[in-house]
Structure formats: C-alpha cells, structure tokens
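Engineer: Need a 3D model of the following:
(chains A and B)
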Amino acid sequence: MIQKKKLVELIKHRLEGESETKSLGKLHPVIIEYNIGRTYNTLVTDAIRRNVDNADTFAIEYSPVAIEQDDSTEIYYSTLPANIIIIPKKAESGVVTIQSMTSRGIQFVPITNGQWKVMDGLEVDSIDDVVGYTFKNGRVEYYNMTSTIALSAVRMELVLPFEEYDDDDDVPIPSGYDDLLFEQVVKKLIGLPDSDNLNNNNSLNVTNRRR
Amino acid sequence: MADTSGWITIKNLTKEILFETDKELSDYKKIMHYVINGIRDLSLYHFDLVKTVKVTCDDLGIIDMPSDYVNFISLSMADGGLMWTLTRRDDLIRTTSTSEDDESLDSDIGEGVEIADGTAYMGYMTVGAKNDGYFTIDEKEQRFIVRPILTETLFLQYISSGVDSDDGNATTIPVRIKDALKAYIAYKEILYSKDTDKRLVDLYKREYREEVSKLRFLGLPTADELRDMVYRNAQRINR
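Structural biologist: Numbering: from 1, shown residues only, chains lettered A, B, ... in the order given. All right, here's what the predicted structure looks like:
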C-alpha cells in the first residue's frame, strides 16, 4: 500500500534524477498521474487475467450496496459504488466478490454474458438457486435473483482503477509490482515531449514576428 | 436425525470440485451442469438409484411421474404390510377427453371403463392370480394411468436420475459415487474444451471407466449372498 500522492511524488522525484528528463523541466502531476494510471491498470488487469485469486490483493470492500429492479426489463441490478477495472473475458471483471449482508447461505457467483444468454431453460437453471451476476450496462446485473433476496443489500469487493483513488487514499501495490510500476512509468515519461511553453497569441513572440 | 455422512448435496459436491481443482468461481454453473449430467449418466448406465415413493392417484386414475423418473420398476398398493404390484396392461385406454379445459373420461369410447375380471392372463404360463388392478405408462404425457382406482395412495418404485427438481441443488447423492462423478467431469471438460490436448481425452476416459468399475464392484453380491444362492438351489442327492 502506498498513498496516491506519495506515489506521484516519488515518480516525479525519480524523473528529476534521470538525465533524460532533467531537460524536460516541470512535468505536471496530472501527466504523471495519468501515466501511472495507464500502467497500474494494465498491471492489475494482467495479474487478474493470469490468476483471478490475485484480485483479492487489489480489492476494496463496499457495503451496503442496494439491489434494485429495472421497471422495464424486470432485471435486478446494483449500481456500482465506484468505477471498476474492466477485464475482458473474465465474468467478474472488477467485481471480485458479492456476498449477502444478511445470510451466508445466499451465494453469488460470476457468470459470463454468454452463459447468461444460454442458461435459460437448462436443467442447471431450474435446479440451482445460486444467484449469478455479471457486469453489464455499467452496472452489476443479477441472474436468478428473487424478490426476497433483493430485500437485503449486498457487500461488494471491487478492483478500482488508479484514477478512482483520492490523493490521500492508499493504493494497493503488491510486492514485486512496485519496481515494475516505477520502471514502466518512467520509461513512458522519458519519451514524452516537453510541454509547449510558448504563448502563441503574444504578438511580441519571436515566432509570430517572423511571419 | 439420521446420520447423513454417506450423502452429499449436489451444491456441496460442486463446491468441493471447485475447491479441489482450483477452478474459478465463474466455473460454478458449468460444473453444476456437469454434475447433473454425470449423476444421470451413472444412474442410467452404471448403478441403480432405486427410489420408492408414495404417489397419489387422482379421480381420473392419473398419477404424474416424478421429475427425476428415468425407468420403471413397479407400481403397487398396500396389502398386509407388503407391496402388492398392479398388473401392467398396455392395451388399456389411456386417453382422456377435454371439455372447457377440464380433463374428463368419456365412457362411451371406453375411457375409464372398468376392466372385466378374469379376461386376462388365461394363456400360456399364466400364474392364475386374480388381477384386480391394472395400469399403463404414458411416457409422452409423463404419467401413469390406473384402472380401476382401488386406492388413492399407491407405491411407485423407479430408477431415479438422481436429481430431484423439487429438492433443487439440495438433492443428495451417495458419497460412494463421488469419485466416479469427479472423473466424469474431468473427462467431459477435456472432451469439450477447445484449448486442450485431445490426446488427454483417452487418459481421462480410462480414469472414468476405472472409477465406474470400482463402483460396480461395490454392487457385486457378497460371499455370503453367493453361498446363500447356491445352497438355496442345491438339492441333496442320495447315492
């Protein structure tokens, strides 16, 4: 864990020590933050795609999260309390776990969108009462949800993108990933052109006067 | 309460497989699907999961098949603490008439008409019993037809698919079939998987067969049962 603003400062400090970036002058923290975000999100996505158990390290818990029903489609859903990392071909995407607030007997399992489409009418659908969930339409949608279960709220563990953390929040970075993150962000920023310091609207500007 | 350590729910078995194989939670529904198919495969071809249940015959002499019905054994009524089996007659009229969405029997065309005693079983090798109760099986409509209605409550013995939709994922199965079921799932997963080496299919199939033969071994008669069978049929010969 490292505080977000400390991480940005650390990388800024590291860049100022690099001969290639010394000449760049001041790198705006927003630029640094943006590049950390790109790298961090890619690293997290790769780690979870390799093994979904890795998601536990990055997960942040939210509770209670309400379950609502869509009036037109009658589908039960929860609005996510924060943005998540979207991981292609992983049923859970950035929603690692969903648990009932009231009973451990009620279980939730992630299902893919493909499973959702074909499951209706299958024997497993009529036999099994475990609630399936999938990240769809920017929200978590539930399959096999009943009105009784929907009355109780749920607890969610989510994997957040870097941008979702506030400056004072701790960002989870597991051991082994910190060096990799530093290295990749610095590499990205070294190749970045310097900011344009010219005021092109200024008539006294040398380049304007030459025209 | 009875000791249930010899039984496991299909939900817990599915979770056990996820736990043992390090599969992801998103595989849960797929594994449950294989568990259901595996139980049915084992019940149909490798071991008999015989169930005896009380069934109720309605006014039209119709008994609905249980949801887990796979094959028929017997339909009987109580007779002095024993099950007295009804006689199967497939020439029995099994249709019903419908008026204003209500099912009824039209005696003009023979529906529900009582079968005259003694009209059957007069031929070769007849056992001579008086047949009071008859039934037939209407597989397509998933029901039994009984004539005449001697009693409302009857006993049905049948081979179960092992998965009861009323019990849902709380359906219990004997733990002795657990290993065969796990081998079945491993074999089917490899068979249907897009990415795995198909040479492994034979290996997993052999493993499944081995588990099935172990299961069959458990169903073989014991030495005492075999001895009893021999002694019962042997006769002393005077020399």
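
Engineer: Grab the nearest non-local neighbour of A:Ser147.
Structural biologist: Nearest non-adjacent residue to A:Ser147, counting by CB to CB, 6 or more residues apart in numbering or on different chains: A:Gln69, 8.0 Å away. C-beta: built from backbone N, CA, C; applies to glycine.

Engineer: so A:Arg139 touches A:Tyr76, yeah?
Structural biologist: No. Using CB atoms under 8 Å, A:Arg139 is not in contact with A:Tyr76, being 10.3 Å away.

Engineer: Which one's more surrounded, the two?
Structural biologist: Counted by other CB atoms under 10 Å in any protein chain shown, A:Arg139 and A:Tyr76 do not tie: A:Tyr76 has more neighbours, with 21 against 14.

Engineer: Residue in chain A with the shortest distance to chain B?
Structural biologist: A:Ala91 (3.7 Å; CB to the nearest CB).

Engineer: in a helix, that's where that residue is, yeah?
Structural biologist: No. Applying DSSP: H, G, I helix; E, B strand; the rest coil, one finds A:Ala91 to be coil, outside a helix.

Engineer: you'd agree A:Leu7 is up against A:Asn35?
Structural biologist: No. A:Leu7 is beyond contact range of A:Asn35, at 11.6 Å (criterion: CB under 8 Å).

Engineer: quick one, which of those two is more surrounded?
Structural biologist: Neighbours per residue, other CB under 10 Å: of A:Leu7 and A:Asn35, the larger number sits with A:Leu7, 24 against 21.

Engineer: How far off centre is the one helix or strand the more buried one maps to?
Structural biologist: Assigned by DSSP states H and E, A:Leu7 belongs to helix A:4-17. Chain-centre distance of helix A:4-17: 22 Å, with CA atoms, centre = their mean, to the nearest Å.

Engineer: Then stretch A:152-163?
Structural biologist: That offset, for stretch A:152-163, works out to 10 Å (CA atoms, centre = their mean).

Engineer: Let me see the mean pLDDT of it.
Structural biologist: The average pLDDT within stretch A:152-163 is 93.

Engineer: on that earlier part again, for the residue nearest to A:Ser147, what are its contacts?
Structural biologist: In this structure, A:Gln69 makes contact with A:Ile75, A:Tyr76, A:Tyr77, A:Ser147, A:Ala150, judged by CB atoms under 8 Å, 6 or more residues apart in numbering or on different chains.

Engineer: Next: B:Glu207.
Structural biologist: Contact analysis of B:Glu207 by CB under 8 Å, 6+ apart lists B:Ala183, B:Ala186, B:Tyr187.

Engineer: Among those residues, which are located in strands?
Structural biologist: Secondary-structure check on the contacts of B:Glu207 using DSSP state E: no residue lies within strands.

Engineer: low pLDDT regions in chain A?
Structural biologist: Along chain A, segments meeting pLDDT under 70 span A:17-26, A:191-200, A:202-211.

Engineer: and the lengthiest helix in chain A, what does it pack onto?
Structural biologist: If you go by DSSP state H, chain A has its longest helix at helix A:29-50. Applying 3 or more CB pairs under 8 Å, 6 or more residues apart in numbering or on different chains; DSSP states H and E, we find helix A:29-50 packed against helix A:4-17, helix A:55-58, helix A:177-190.

Engineer: Please identify the most buried of those helices.
Structural biologist: helix A:55-58 (a mean of 19; mean count of other CB atoms under 10 Å in any protein chain shown).

Engineer: Can you give me the buried ones in the one helix or strand B:Phe19 maps to?
Structural biologist: In the assignment (DSSP H and E), B:Phe19 maps to helix B:10-21. Neighbour-count burial for helix B:10-21, with 16 or more other CB atoms under 10 Å in any protein chain shown as criterion, is recorded at B:Ile10, B:Lys11, B:Leu13, B:Thr14, B:Lys15, B:Ile17, B:Leu18.
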